[in-house]
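*Asks:* sharing a model prediction with you, sequence too.
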Amino acid sequence: MKIGVLALQGAVREHLQQIQSLGCEAIEVKSLKDLTEINGLVLPGGESTTMKKLLDRYQLLEPIRALAQQGVPMFGTCAGLILLAKEIVGYDEAHLKLMDIVIERNSFGRQIHSFEAEITVNKIGIDIPAVFIRAPHIVSVGPHVEILAEYDGRIVLAREGQYLGCSFHPELTDDIRLMQYFIDMVNDFSKYYTCKNEQHIVH
């Protein structure tokens, strides 16, 4: 199992360490070649506008969209969540536009207002530590999006099929349950993809 972490900017190392701790191979994604080797992709926290510029510079935006069309699971944390969203409040144009959610940036305050809270996540567990740093929140979701967690009346974690997005930084804690949940998603996709290919070969 190979999980890629977009390694252009942001909290890359921490995601790589969590993935490795769960027995998967972690790959830093910096080029088109790196994208061809992975079963799932993590879009880490950082600064979404900077990350978008770097995606454009290294010509990775469309290849990531193409990967999404193949059904490859993607996990966006903080800025990564903003990259996934189809709409951003106050902005004319979103970035990858993959997940049917509306996002508001920096909705929990500036960096000096960063904090940690414990939240309950549907299907995953209770008392999950969540680090909020200039965090966005999900304003609204489409009909096929499942809300997994809220904090202070705001949606902070959701899933739509192959996409998982959260407002906070799970990689900055020792709790690996959320990353395990994503890896389980990747496993499910890989089994489905293998089965589909086998059926294609048979016919």
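*Replies:* Noted; the coordinates are in hand.
*Asks:* which strand or helix spans the closest residue to Val141 other than its chain neighbours?
*Replies:* In this structure, Val141 finds its nearest non-sequential neighbour in Ile101, 5.2 Å apart by Cβ to Cβ, 6 or more residues apart in numbering. C-beta: built from backbone N, CA, C; applies to glycine. According to DSSP states H and E, Ile101 maps onto strand 99-104.
*Asks:* residue contacts, Thr120?
*Replies:* 126-128, 149 (Cβ atoms under 8 Å, 6 or more residues apart in numbering).
*Asks:* need the pLDDT of it.
*Replies:* Here, the pLDDT recorded for Thr120 equals 96.
*Asks:* repeat that for Asn106.
*Replies:* 80.
*Asks:* cool, and Glu87?
*Replies:* So, for Glu87, pLDDT stands at 96.
*Asks:* repeat that for the one 4 residues further on.
*Replies:* Tyr91 is assigned a predicted lDDT (pLDDT) of 89.
*Asks:* now it. Its backbone dihedrals?
*Replies:* The phi and psi values for Tyr91, taken as degrees, to the nearest 10, are phi -120, psi 140.
*Asks:* separation between it and Ile103?
*Replies:* Per Cβ to Cβ, to the nearest Å, Tyr91 is found 9 Å from Ile103.
*Asks:* returning to what we had before: now for the strand holding Ile101, which elements pack on it?
*Replies:* Using 3 or more Cβ pairs under 8 Å, 6 or more residues apart in numbering; DSSP states H and E as the contact definition, the elements that strand 99-104 packs against are helix 79-84, strand 85-88, strand 137-141, strand 154-160, strand 163-166.
*Asks:* if we can go back for a sec, between Tyr91 and Ile103, who's got more neighbours?
*Replies:* Between Tyr91 and Ile103, counted using other Cβ atoms under 10 Å, the more crowded position is Ile103 (28 against 14).
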